[in-house]
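Asks: After the sequence you'll find the predicted model.
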Amino acid sequence: MAEKIVLALGGNALQSGKEGATAEGQRLVVQRTCESIAQLNERGYEMAIVHGNGPQVGRIVMASEAAKDITPAMPFDVCGAMSQGYIGYHLQQGLKYALNKRNQSFPVVTILTQMIVDGQDPAFQDPTKPIGPFYTREEAQVLEKEKGYVMKEDSKRGYRRVVASPLPQKIVEIEAVKELWPHAIVITCGGGGIPVIEDPTGALNGTAAVIDKDFAAELLAEQVDADILIILTEVEKVAVNFNRPDQKDLDHLSLLEAHQYCKEGQFAPGSMLPKVQAAMKFVRSNPSKRAIITSLDKALEALDGKTGTVFTFNG
């Protein structure tokens, strides 16, 4: 039987500074990304795709607020849904084209996905998820005062707006994903899913948050019983002492080793840390499974065991 994988795409798979933050620029980047994904399908893997949306939802929010005197600004959860739709649209186009070039007539579908979160999640009291562009300190102070945004410095590159990043609890459309799985490549849980809170009546209400796409991908991988969770980012391998003279790239991590490095603060919050934590959670859920963190262009080699950082239950 074909191995089932859940693919989590990092931001560099959707846009790059070189192409510019336009729809056309993103489309060109996504086309290149889809060539790599098509290679995985060509090898016989069954897959679902999860993507982030931090920059995109930030721009949608800014555009909506800038036009508020002309048309009412949309709430954050609606902006998240918009980002799911247009990113999925670009991925569907790019991936279908890449598959057709390989004579692979395989459906690609995007599911607008809601993700239930806990309204009492501590993340709502300590927003950490960066969205949108970078600002100077002075610009950030103005936004805090005028918009009520929470602004934090991001990796010494400037200030960004941050929102809550609660843990995903339940994928509302999971049964639809399972039904489609054997018949299509499914793009789901985009941006981590649209965060919704379930009230006592069972109604779902959107909330201002961004769910980490790596944790969403992990939950999806568990629920579809995937064999491999592969998290794609800008680096080929996870490293300790990152960007220091004694940096060490890691080929393999057991749960015990990964836990120790997390305790030491080796992985940056909001960057590598959630990827490592998601990989650990997936392996912990089923010791026979594995998780991989690597770069997009090394995905095939990593699945062949030639590169990337592989997480397993034991050493």
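Replies: Great, that's in hand. Numbering: from 1, shown residues only.

Asks: got any ranges where the protein has weak pLDDT?
Replies: 16-20, 315 (pLDDT under 70).

Asks: In space, not sequence, find me the middle residue of it.
Replies: In the chain, the residue lying closest to the centroid (Cα atoms, centre = their mean) is Lys213, at 3.0 Å.

Asks: what's the distance between it and Met1?
Replies: For Lys213, the distance to Met1 equals 27 Å [Cβ to Cβ, to the nearest Å]. No exception for glycine: its C-beta is placed from N, CA and C like everyone else's.

Asks: Repeat that for Ala23.
Replies: For Ala23, the distance to Met1 (Cβ to Cβ) stands at 39 Å.

Asks: what's the lengthiest helix in the chain packed up against?
Replies: When every helix of the chain is counted residue by residue (DSSP state H), the longest turns out to be helix 76-101. Applying 3 or more Cβ pairs under 8 Å, 6 or more residues apart in numbering; DSSP states H and E, we find helix 76-101 packed against helix 23-42, strand 46-51, helix 54-66, strand 108-110, strand 185-187, strand 194-198, strand 204-206.

Asks: Using TSV, lay out the ones you listed together with distance to Tyr86 and mean neighbour count.
Replies: What follows is the helices and strands packed on helix 76-101, written out as TSV (distance: least, Cβ to Cβ, whole Å; neighbours: other Cβ atoms under 10 Å):
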stretch	distance to Tyr86	mean neighbour count
helix 23-42	7	18
strand 46-51	11	25
helix 54-66	7	19
strand 108-110	10	19
strand 185-187	12	26
strand 194-198	14	23
strand 204-206	18	15
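
Asks: Gly132 is nearest to which of these?
Replies: The closest of the helices and strands packed on helix 76-101 to Gly132 is helix 54-66. By Cβ to Cβ, the value is 2.5 Å.

Asks: so Ile292, which of the three states?
Replies: Assigned by DSSP: H, G, I helix; E, B strand; the rest coil, the conformation of Ile292 is strand.

Asks: so what's it up against?
Replies: Ile228, Leu229, Ile230, Ile231, Ala279, Ala302, Leu303, Gly308, Thr309, Val310, Phe311 (Cβ atoms under 8 Å, 6 or more residues apart in numbering).

Asks: give me that answer again for 7 Å
Replies: Ile228, Ile230, Ala302, Gly308, Thr309, Val310 (Cβ atoms under 7 Å, 6 or more residues apart in numbering).

Asks: Surely the fourth one touches Lys298?
Replies: Yes: with contact taken as Cβ atoms under 7 Å, Gly308 and Lys298 are classed as touching, separated by 6.2 Å.

Asks: which of these two has more neighbours?
Replies: Gly308 (27 against 18; other Cβ atoms under 10 Å).

Asks: Identify the residues contacting the more buried one.
Replies: Neighbouring residues of Gly308 by Cβ under 7 Å, 6+ apart: Glu236, Lys237, Ile292, Ile293, Thr294, Lys298, Ala302.

Asks: What of Ser64?
Replies: Ser64 neighbours (Cβ under 7 Å, 6+ apart): Ala73, Met74, Cys79.

Asks: Over to Cys34?
Replies: With contact taken as Cβ under 7 Å, 6+ apart, Cys34 is in contact with Leu91, Gly94, Leu95, Ala98.

Asks: Relative to Tyr135, which of those is nearest.
Replies: The nearest member of those to Tyr135, counting by Cβ to Cβ, is Leu91 at 29.0 Å.

Asks: The closest one: what's its closest spatial neighbour, skipping adjacent residues?
Replies: What sits nearest to Leu91 in space, not counting adjacent residues and going by Cβ to Cβ, 6 or more residues apart in numbering, is Ile187, at 5.3 Å.

Asks: one step back: farthest pair in the contacts of Ile292?
Replies: Ile228 and Thr309 (13.1 Å).

Asks: The two - which one has more neighbours?
Replies: Of the pair Ile228 and Thr309, Thr309 is the one with more neighbours under other Cβ under 10 Å, namely 24 against 20.

Asks: Quick check: beta-bridge partners of Ile5?
Replies: When bridges are called by DSSP bridges, Ile5 pairs up with Met47, Ile228.

Asks: Equivalent analysis for Ile292, please.
Replies: Per DSSP bridges, the residues bridged to Ile292 are Ile230, Val310.

Asks: separation between it and Glu257?
Replies: Noted for Ile292: a distance of 15 Å to Glu257, by Cβ to Cβ.

Asks: swap in Val150?
Replies: Here Val150 is placed at a distance of 34 Å from Glu257 (Cβ to Cβ).

Asks: nearest residue to Asp225 other than its sequence neighbours?
Replies: In this structure, Asp225 finds its nearest non-sequential neighbour in Lys4, 6.9 Å apart by Cβ to Cβ, 6+ apart.

Asks: coming back round to it: identify the bridge partners of the residue nearest to Leu91.
Replies: Applying DSSP bridges to Ile187 gives these bridge partners: Ile49, Thr110.

Asks: quick one: contacts for it?
Replies: Residues counted as contacts of Ile187 (Cβ under 7 Å, 6+ apart) are Ile49, Gly88, Leu91, Gln92, Val109, Thr110.
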